[in-house]
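Trainee: Fold the following and give me the result.
(one chain, ligands or ions: 1)
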Amino acid sequence: EGPIDSLKTPADIPDEPSAMLKDFEWVTIDLEKEDEMNQVHQLLHDHYVEDQDASFRFAYTANFFKWALQPPGWKKEYYVGVRVKATGKLVAFISGIPSLLRVRENKVPSVEINFLCIHKKLRSKRLAPVLIREITRRVNKNDVWQALFTSGAVLPTPVSTCRYTHRPLNWEKLYEVGFSSLPAGVSKSQMLAKYVLPSATKTPGLRKMVPEDADQVLDLYEKFQKRYDLVLEFTKEEIIHWLYWSDEQNSLEDQDKVIVTYVVEEDGKITDFFSFYILPFTTLTNSETDQLNVAYLFYYASKVGLGDSDDTKLAKRLNSLIGDALIVAKNMKMDVFNALTSQDNVLFLKDLKFGNGDAFLNFYLFNYKAFPINGGMDNETKELDLVNKSGVGVVML
Ligand SMILES: Cc1c(C(=O)c2nccn2C)oc2cccc(OCCCNCc3cccnc3)c12
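Mentor: Model prediction:
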């Protein structure tokens with residue numbers, strides 16, 4: 001396992017971007033400029049589609065981008081855009097954020113590549129490889145040679161593949177927008193009864209995370225992530241950014257929030273935490289509601305999972321913890337709670353009534369050879385794999 005390309009230095013890398021299509025030009029997006037942030041937001045809002053039948057599109061907010069794209073250590077040159085020379089219109093974008101990856105026992109300085117988006121009218125012009133080559137050039141100039149990215153597309157050799165799963169919180173709305181269907185012989189009231197949740201959480205000591213918790217949360221995160229083979233290592237500043245973000249978020253309406261983290265405090269000690277991020281969908285089908293509120297399971301950890309305790313105790317603890325996460329999300333008006341088969345999720349997905357989605361997320365390492373890592377599903381049957389579970393600890397947005 002290790003780097004594939006021969007070792008190079010930044011001096012070996014061209015100073016100039018590679019050739020760009022005629023009438024278009026490379027730009028570096030300045031996310032701190034309101035109008036440039038809005039142009040990125042608009043491009044992805046109109047041209048970034050995640051689901052196959054294109055009936056949903058991500059409803060990005062500027063707050064989501066501030067959180068997702070400006071973590072501690074962000075670099076301006078890693079926000080690459082392509083504009084129309086004549087009009088200045090932004091027609092393509094790709095971004096990278098510096099990360100310290102651990103692949104099994106190796107620490108790999110890298111970048112996470114995300115939000116590759118090309119205007120619909122510029123598709124199939126082979127622009128994606130050109131964007132990837134340009135951001136690679138800029139990253140190599142900073143003496144970083146590896147990258148992590150995810151995609152629904154199957155490209156040469158994913159290091160792992162996980163399955164989408166969904167836990168309905170507002171089944172009525174999911175049915176109305178055409179995301180959930182009514183199984184034959186089952187009534188709507190039976191579906192509502194299946195997904196009903198209590199309004200109060202049940203874990204004693206559960207409360208919202210505050211920045212003062214960061215030291216204990218980071219310590220718990222680091223110890224718990226030792227369970228996995230593909231992991232992001234965070235500094236204290238990073239864990240605060242990813243799990244708490246900022247005080248200003250607290251003044252936002254629940255469904256305008258971006259990241260929600262709860263901790264369990266017992267006798268002054270933090271024994272567990274869970275988090276989820278919020279990224280709504282615009283519904284493109286002609287339904288009355290135009291927005292679907294979606295929560296995505298993010299990082300979690302429990303003292304129960306440290307040491308070599310058997311999975312039975314951890315499964316019980318996670319069912320209780322993530323069961324509370326569902327309740328918190330529902331009380332914040334989320335309509336569906338999404339999770340992958342990564343981390344230790346297979347220990348609770350079934351009991352908490354997550355249904356298997358029909359999409360998969362492939363994890364790729366750029367310029368790094370690694371043996372395959374379990375994705376929490378059986379590669380033949382695509383069913384949950386409760387024996388091997390998953391070695392994927394990283395949650396890519
Ligand atoms: C996307 C997504 C969906 C849906 O498409 C979906 N849920 C309800 C209705 N729909 C159509 O369901 C999931 C389940 C697990 C993980 C997921 O995504 C994992 C993260 C994938 N990247 C999302 C992302 C993040 C940042 C920028 N763009 C996209 C998803």
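
Trainee: Skipping adjacent residues, who's closest to Val395 in space?
Mentor: The shortest distance from Val395 to any non-neighbouring residue, by C-beta to C-beta, 6 or more residues apart in numbering, is to Phe298 (5.4 Å). To be clear about C-beta, it is placed using only N, CA and C from the backbone, and glycine gets the same treatment.

Trainee: Which helix or strand contains the one you found?
Mentor: Element membership for Phe298, per DSSP states H and E: strand 294-302.

Trainee: so, in contact with the ligand or not, whichever strand or helix holds Arg163?
Mentor: Per DSSP H and E, Arg163 falls inside strand 160-168. Yes: using C-beta under 6 Å from any ligand atom, strand 160-168 comes into contact with the ligand via 164, 166.

Trainee: in its sheet, what does that strand sit against?
Mentor: strand 336-340 (antiparallel), strand 355-366 (antiparallel) (DSSP bridges).

Trainee: and the residue in the stretch 151-300 of the chain positioned nearest to the ligand, bridged to which residues?
Mentor: Closest approach between the stretch 151-300 of the chain and the ligand, counting by C-beta to the nearest ligand atom: Tyr164, at 3.5 Å. Beta-bridge pairing for Tyr164 (DSSP bridges): Leu340.

Trainee: That one contacts Ala359, correct?
Mentor: Yes: the pair Tyr164 / Ala359 is scored as a contact, 4.5 Å apart, by C-beta atoms under 8 Å.

Trainee: quick one: which of these two has more around it?
Mentor: Tyr164 (19 against 11; other C-beta atoms under 10 Å).

Trainee: For the chain, what lies in contact range of the ligand?
Mentor: 50-51, 56, 58, 114-115, 164, 166, 179, 281, 294, 296, 336, 338-340, 357, 361, 397.

Trainee: quick check: mean pLDDT across the helix or strand containing Ile270?
Mentor: If you go by DSSP H and E, Ile270 is part of strand 269-278. Strand 269-278 shows an average pLDDT of 98 in the prediction.

Trainee: Next: stretch 92-105.
Mentor: Averaged across stretch 92-105, pLDDT comes to 98.

Trainee: Report the buried residues of that stretch.
Mentor: Within stretch 92-105, the residues scored as buried using 16 or more other C-beta atoms under 10 Å are 92-99, 101-103.

Trainee: Show me what Thr28 is bridged to.
Mentor: Val80.

Trainee: who touches the closest residue in space to Tyr48 that isn't next to it in sequence in this structure?
Mentor: Closest residue in space to Tyr48, ignoring its immediate chain neighbours: Cys117 at 4.5 Å, by C-beta to C-beta, 6+ apart. Contacts for Cys117 (C-beta atoms under 8 Å, 6 or more residues apart in numbering) come out as 43-44, 47-48, 92-94.

Trainee: same thing but 6 Å
Mentor: 43-44, 47-48, 93 (C-beta atoms under 6 Å, 6 or more residues apart in numbering).

Trainee: again, but for Leu279
Mentor: Val294.

Trainee: one step back: just curious, which of the buried residues of stretch 92-105 is nearest to Gly268?
Mentor: Within the buried residues of stretch 92-105, distances to Gly268 taken as C-beta to C-beta reach their minimum at Arg102, with 30.1 Å.

Trainee: Help me confirm that that closest one is found in a strand?
Mentor: Yes: under DSSP: H, G, I helix; E, B strand; the rest coil, Arg102 sits within a strand.

Trainee: what pairs with it across the strands?
Mentor: Lys107, Val231.

Trainee: Asp30 in helix, strand or coil?
Mentor: Under the three-state scheme (three-state DSSP), the conformation of Asp30 reads as coil.

Trainee: That one against Met37, yeah?
Mentor: No: counting by C-beta atoms under 6 Å, Asp30 does not reach Met37; the two are 8.4 Å apart.

Trainee: Counting neighbours, go ahead and name the busier of those two.
Mentor: Each of Asp30 and Met37 has its neighbours counted (other C-beta under 10 Å); Met37 has more, 19 against 13.

Trainee: For the longest helix along the chain, output the C-alpha coordinates as PDB.
Mentor: When the chain is parsed with DSSP state H, its longest helix is helix 311-331. Taking Å, rounded to 0.1, in the frame of the first residue of the first chain, the C-alpha atoms of helix 311-331 are listed here in PDB:
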ATOM      1  CA  ASP A 311     -20.500  -5.500  19.300                       C
ATOM      2  CA  THR A 312     -23.500  -6.400  21.300                       C
ATOM      3  CA  LYS A 313     -23.000  -3.700  23.900                       C
ATOM      4  CA  LEU A 314     -22.100  -1.200  21.200                       C
ATOM      5  CA  ALA A 315     -25.100  -2.100  19.000                       C
ATOM      6  CA  LYS A 316     -27.400  -1.500  22.000                       C
ATOM      7  CA  ARG A 317     -25.700   1.800  22.800                       C
ATOM      8  CA  LEU A 318     -25.800   3.000  19.200                       C
ATOM      9  CA  ASN A 319     -29.500   2.000  18.800                       C
ATOM     10  CA  SER A 320     -30.300   4.200  21.700                       C
ATOM     11  CA  LEU A 321     -28.000   7.100  20.600                       C
ATOM     12  CA  ILE A 322     -28.900   7.200  16.900                       C
ATOM     13  CA  GLY A 323     -32.500   6.500  17.900                       C
ATOM     14  CA  ASP A 324     -32.300   9.800  19.800                       C
ATOM     15  CA  ALA A 325     -30.700  11.400  16.700                       C
ATOM     16  CA  LEU A 326     -33.800  10.500  14.700                       C
ATOM     17  CA  ILE A 327     -36.000  12.100  17.400                       C
ATOM     18  CA  VAL A 328     -33.900  15.300  17.400                       C
ATOM     19  CA  ALA A 329     -34.000  15.400  13.600                       C
ATOM     20  CA  LYS A 330     -37.700  14.900  13.500                       C
ATOM     21  CA  ASN A 331     -38.300  17.600  16.000                       C
END
